[in-house]
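> Make a model of this:
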Amino acid sequence: MNDKKERISHVLNYIKAEYFLKYGMEMDEWTVINFAEIREHFAVMRKELNANLLESKKLQQTFKGSISSINFASDKQSFVHGLGISIPYAVCTLILGLLCYYYLSTFKMYQAVSRYVEDMKNIESYQGLIREGNIRTENEVEYLILKQAKTGDNTFGQVYEFDAKRKEVRVPLRRLK
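Sure, this is the predicted structure:
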């Protein structure tokens, strides 16, 4: 404890002597204590400032080696240089976008066709009717025109047979092998 008091007393006397030599006036005890506190805080701030300056110099050296500046004679040259750097990325993005669009549109079309085929399971049976059928429009309504079949006449998609027992109309579509 005595050693600490002696050190503090020595520092305070040093500050008093320094001030007396510089200005020719003697300081009171509280002023000396304030000066000692201020010096202590400035010493800490000086250390932090020096550490920051060293770090800044290290970063500056790092950036010096990695950054290169380019100077152009005209705006046209700088535009062409920028275009040369960015055009490969733009082309790749455009191609990728077109491929995604093509894939998605093809996929949606495939799904639509798939749903249509699934909904029309008997579509093959109706091919004759579709090819040979006769459609007429009257009063904004479309009608499939069929004629009553004569005995032995099976013109697919154009004639019908009436089954009186079952009370139903039968349209010959195709002959199964």
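> Which residue ranges make up each domain of the chain?
In terms of domains, the chain is parsed into 2-66, 73-121, 133-170 (source: automatic domain parsing).
> Okay, strands next: where are they in this protein?
134-138, 141-145, 147-148, 159-163, 168-170 (DSSP state E).
> so which of those strands gets nearest Ile38?
Smallest distance to Ile38 across those (Cβ to Cβ): 102.2 Å, for strand 141-145. Glycine gets a C-beta too; all of them are placed from N, C-alpha and C.
> For the closest one, what is the distance to the chain centroid?
Offset of strand 141-145 from its chain centre (Cα atoms, centre = their mean, to the nearest Å): 53 Å.
> Likewise for stretch 144-153?
Remark: stretch 144-153 is offset 64 Å from the chain centroid, using Cα atoms, centre = their mean.
> Repeat that for stretch 48-66.
For stretch 48-66, the distance to the chain centre is 35 Å (Cα atoms, centre = their mean).
> Could you give me the buried positions within it?
By neighbour count on 16 or more other Cβ atoms under 10 Å, the buried set for stretch 48-66 is empty.
> For this structure, give me the ranges with low pLDDT.
1, 65, 151-157, 173-177 (pLDDT under 70).
> For the chain, which residue occupies the most central location?
The residue lying closest to the centre of the chain (Cα atoms, centre = their mean) is Thr93, at 12.0 Å.
> Now do that one against Val141, distance only.
52 Å (Cβ to Cβ, to the nearest Å).
> one step back: out of the domains of the chain, which gets nearest to Gln127?
domain 133-170 (8.8 Å).
> quick one, which residue of the chain lies the farthest from its center?
Gly24 (73.2 Å).
> List the contacts of the spatially closest residue to Ala149 that is not a sequence neighbour.
Distances taken as Cβ to Cβ, 6 or more residues apart in numbering put Val159 closest to Ala149, at 3.8 Å, once the chain neighbours are dropped. Residues near Val159 by Cβ atoms under 8 Å, 6 or more residues apart in numbering: 146-149, 153, 171-172.
> Fine by me, we can end here.
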